[in-house]
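> Here is a sequence together with a model predicted from it:
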Number of protein chains: 2
Amino acid sequence: MIVDGRKISKRILDEAKDKIGKSGKKLRLAAVLVGDNPELKKFVELKRKAAEDTGIEFRIYEFPEDISSNQLREELNKIAKVKTTHGVIIELPLPGHLNTQYLLNTIPEEKDVDVLSEKSQGKFFTGRSKVLPPSVEAVKQIFGEYNINPKGKTAAVFGYGLLVGKLVSHWLIQQGATVSVVTEHTKDPIRYSLFADLIISGVGRPNLITANMVKDSAIVIDFGRDVDFDAVSKKAGYITPPLGGVGPIVVAAVLKNLVELNL
Amino acid sequence: MIVDGRKISKRILDEAKDKIGKSGKKLRLAAVLVGDNPELKKFVELKRKAAEDTGIEFRIYEFPEDISSNQLREELNKIAKVKTTHGVIIELPLPGHLNTQYLLNTIPEEKDVDVLSEKSQGKFFTGRSKVLPPSVEAVKQIFGEYNINPKGKTAAVFGYGLLVGKLVSHWLIQQGATVSVVTEHTKDPIRYSLFADLIISGVGRPNLITANMVKDSAIVIDFGRDVDFDAVSKKAGYITPPLGGVGPIVVAAVLKNLVELNL
């Protein structure tokens, strides 16, 4: 079955809209965009649309590609301080010369809807976070929608990046899955993927995961556009499509976090 | 080969002693002990001896088994505030009615030699910690002593606890190992252990890991006394013994952290 990300997203956003309506509070989300990456701009536009449809004001702060870490840090500190801004996201990846974690740490916990600052991650990794990182929330929502229980399942997580692998692998282990983390240094990825009930991928390398690597009826959640969808979808029990898959759910999860942290 | 934990420990402590001597600074470590667990008392005495041999003052604060989380938190806040105390450790496990993470969070970062508070873990999981958690440092020291390079190795980590599994698995992935985390929910632990170049265990269940589960020449590091040492040592390439194995290295790592954070 193909995971209906738009349907799941709509359910999350309807709930958020409802909560906002009942509260009567005006919420604003700020997105920080550095440089001229058209992929990122497209993703920000999707966030803007979802936010505005949900009754959330969305403000984009753009900065030039060559801004320094210290300059950007100053700007972020200003943005974070605005009382009428309730959440701040930094669009990732940042240009290579910038210190990503240092900049993420400017976002105060109560506005950190992406759960990526050092403090927020400390809370997440000690089981004391009020909200889940959006990638984790997306996996949780997919499990909820299709009644999937991770406990006792075998999972292969491809990639150990800041946004997906590191966070999702931790959460899956906490949920009782047996997790193997496959990285660029793994000699024989198929050894892990072929026995996995659950494959989560967040690498960003097209066709990294091919049909011969996946067992029948596996659940495949693809954050990185790493999966050969046409072929793998014929074998998988559940699979997220490249469009209308995890993307809209992640966007909805960000807005859900904004609501959870503020209402 | 049997890992010589006492030798590695001595090397670390000699270096710490040297640094302290050169600095001329007096360092003090405080250990907080709750209840009457004789195992814990023994471990604290080992820490005391190692500390005093290294020229570090060691002070034990004992509290009754039935102290409440809030009472203990108050006491911890007092202990943490003492300017002449440079590090604070809470002996774990705490009695079951106490909220362990909440109490660990009272320790300020600069005195958190065990790297277990929410803030310290946030730093660790974002790659910004000045020191490593003692279990991680112990693994690193064993690798250093025997020229073991984790990159590209297959690792099975048994257990995902606060002190060992959660921290060591993250670090090993960062070092380029392919890590599978085996927990109580894993259906077929042998599937992971038998192919592992590296087995790290921190469960606390004797004979959990038997000789038939381990491949020839594997590296076996046993934090939880989980390994059937007599049998497994005949197959393993390197193995930590139940006495004089990881224990003294972990103690030395705590004192090393005290030095690193203060000198």
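Received, thanks.
> So which residues on chain A come close to chain B?
A:101, A:117-123, A:125-128, A:151-152, A:154, A:160, A:166, A:170, A:173-174, A:176-183, A:185-187, A:191-192, A:195 (CB under 8 Å from any CB of the partner chain). Just so you know, the C-beta spots here come from the backbone N, C-alpha and C atoms, and that holds for glycine as well.
> mind listing the helices in the stretch 151-263 of chain A by residue range?
With DSSP state H, counting those that start in this stretch as the criterion, the stretch 151-263 of chain A has helices at A:165-174, A:189-193, A:229-232, A:246-262.
> I'd like the ones you listed laid out as JSON lines, including distance to residue B:5 and mean pLDDT.
Listed next are the helices of the stretch 151-263 of chain A as JSON lines, based on distance: least, CB to CB, whole Å; pLDDT from 0 to 100:
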{"stretch": "helix A:165-174", "distance to residue B:5": "28", "mean pLDDT": "98"}
{"stretch": "helix A:189-193", "distance to residue B:5": "32", "mean pLDDT": "98"}
{"stretch": "helix A:229-232", "distance to residue B:5": "47", "mean pLDDT": "98"}
{"stretch": "helix A:246-262", "distance to residue B:5": "45", "mean pLDDT": "98"}
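> Need the ones you listed in TSV (columns: mean neighbour count).
Listed next are these as TSV, based on neighbours: other CB atoms under 10 Å in any protein chain shown:
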stretch	mean neighbour count
helix A:165-174	24
helix A:189-193	19
helix A:229-232	17
helix A:246-262	24
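> Those helices: which one's closest to residue B:244?
Smallest distance to residue B:244 across the helices of the stretch 151-263 of chain A (CB to CB): 31.0 Å, for helix A:165-174.
> just checking, what packs against that closest one?
helix A:118-125, helix A:134-145, strand A:154-158, strand A:178-182, strand A:198-201, helix B:165-174 (3 or more CB pairs under 8 Å, 6 or more residues apart in numbering or on different chains; DSSP states H and E).
> Would you convert those into a markdown table that also reports distance to residue B:13?
Converted to a markdown table, those look like this (distance: least, CB to CB, whole Å):
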| stretch | distance to residue B:13 |
| --- | --- |
| helix A:118-125 | 30 |
| helix A:134-145 | 41 |
| strand A:154-158 | 38 |
| strand A:178-182 | 34 |
| strand A:198-201 | 43 |
| helix B:165-174 | 22 |
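> What ranges in chain A fall below the confidence cut-off?
The model of chain A has no residue with pLDDT under 70.
> Nearest to chain B: which residue in it?
Nearest residue of chain A to chain B (CB to the nearest CB) works out as residue A:122 at 2.5 Å.
> Please name the residues that touch that residue.
Shown in contact with residue A:122 (CB atoms under 8 Å, 6 or more residues apart in numbering or on different chains): B:117-123, B:125.
> Distance of it relative to residue B:213?
Note on residue A:122: its distance to residue B:213, by CB to CB, to the nearest Å, is 34 Å.
> Spatially nearest residue to the spatially most central residue of chain A (excluding sequence neighbours)?
Nearest to the geometric centre of chain A sits residue A:135, at 3.0 Å (CA atoms, centre = their mean). Using CB to CB, 6 or more residues apart in numbering or on different chains and skipping residues adjacent in sequence, the residue nearest residue A:135 is residue A:164, 4.7 Å away.
> pretty sure that neighbour contacts residue A:225?
No - Residue A:164 is beyond contact range of residue A:225, at 11.8 Å (criterion: CB atoms under 8 Å).
> what distance separates the start and the end of stretch A:146-155?
From its first residue to its last, stretch A:146-155 covers 17 Å (CA to CA, to the nearest Å).
> Could you list the residues in contact with that stretch?
When contacts are defined by CB under 8 Å, 6+ apart, stretch A:146-155 is touched by residues A:1, A:3, A:142-143, A:169, A:172, A:175-180, A:195-200, A:219, A:238, B:185, B:187.
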